[in-house]
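got a sequence here, can you model it:
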Amino acid sequence: MSVLRIVAPALLGAALALAHASALAQSAEKGRKAFMDRGCWQCHGTVGQGALTGPKLAPETKPLAFMDVFVRNSKGTMPPYPEAILTKAELADIHAYLSSIPKSPDYKSIPLLNQ
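Numbering: from 1, shown residues only. Take a look at the predicted model:
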C-alpha cells in the first residue's frame, strides 16, 4: 500500500505534465495559423525572425502582457490590432507559437561552417 501512495502521485504528475505539453503544442499550432492568417509574417518573417519592416519577435519573445499592450496600442509602423480583429485567445496562441521557436544553433556547432 505504501508503494502505491508513492507511485500514484508521480504517475498523476507525469500524466498532467504530458497533458499540459500537449495543450501547449495545440496552442502553438493555432498560433502559427493565426500568425500567418493575420499577416504578421509579412513584416516579422515566418518564424518571427524579423524582416525589413518588422522587428525580431522570436526566439527571445517578450511576455504576453507586453505583447498585448503593444499590439493593441501601437502607434508606429504597425497598425493597432483591437480585439475585434485579434482576440485575446489568438494573441495568446501567437505568443505560444513564438515562444515555441527554438534558438538557432551556434555556428560553431555546424560542421560545414567550421572547415
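
name the SS class of residue 60, please.
On the three-state scheme (DSSP: H, G, I helix; E, B strand; the rest coil), residue 60 is labelled coil.

residues near it, how many?
The tally of other residues near residue 60 (other Cβ atoms under 10 Å) stands at 11. (Glycine included, C-beta is placed from N, CA and C.)

kindly report the same for residue 56.
14.

can you pull the phi/psi pair for residue 56?
phi -70, psi 130 (degrees, to the nearest 10).

nope, residue 76 is what I meant
For residue 76, the backbone dihedrals are phi -90, psi -140 (criterion: degrees, to the nearest 10).

was I right about residue 73 contacting residue 80?
Yes. Using Cβ atoms under 8 Å, residue 73 is in contact with residue 80, at 5.9 Å.

ok, these two, which is more surrounded?
residue 80 (13 against 10).

with adjacent residues omitted, what lies nearest to the more buried one?
residue 74 (4.8 Å; Cβ to Cβ, 6 or more residues apart in numbering).

again, but for residue 40
Using Cβ to Cβ, 6+ apart and skipping residues adjacent in sequence, the residue nearest residue 40 is residue 94, 6.9 Å away.

equivalent analysis for residue 114, please.
residue 108 (6.3 Å).

now do the same for the closest residue to residue 88 other than its chain neighbours: its pLDDT.
In space, and not counting its chain neighbours, residue 88 is closest to residue 68: 7.3 Å by Cβ to Cβ, 6+ apart. Per-residue pLDDT puts residue 68 at 97.

next one: residue 20
With respect to pLDDT, residue 20 has a value of 43.

with adjacent residues omitted, what lies nearest to residue 77?
residue 53 (5.9 Å).
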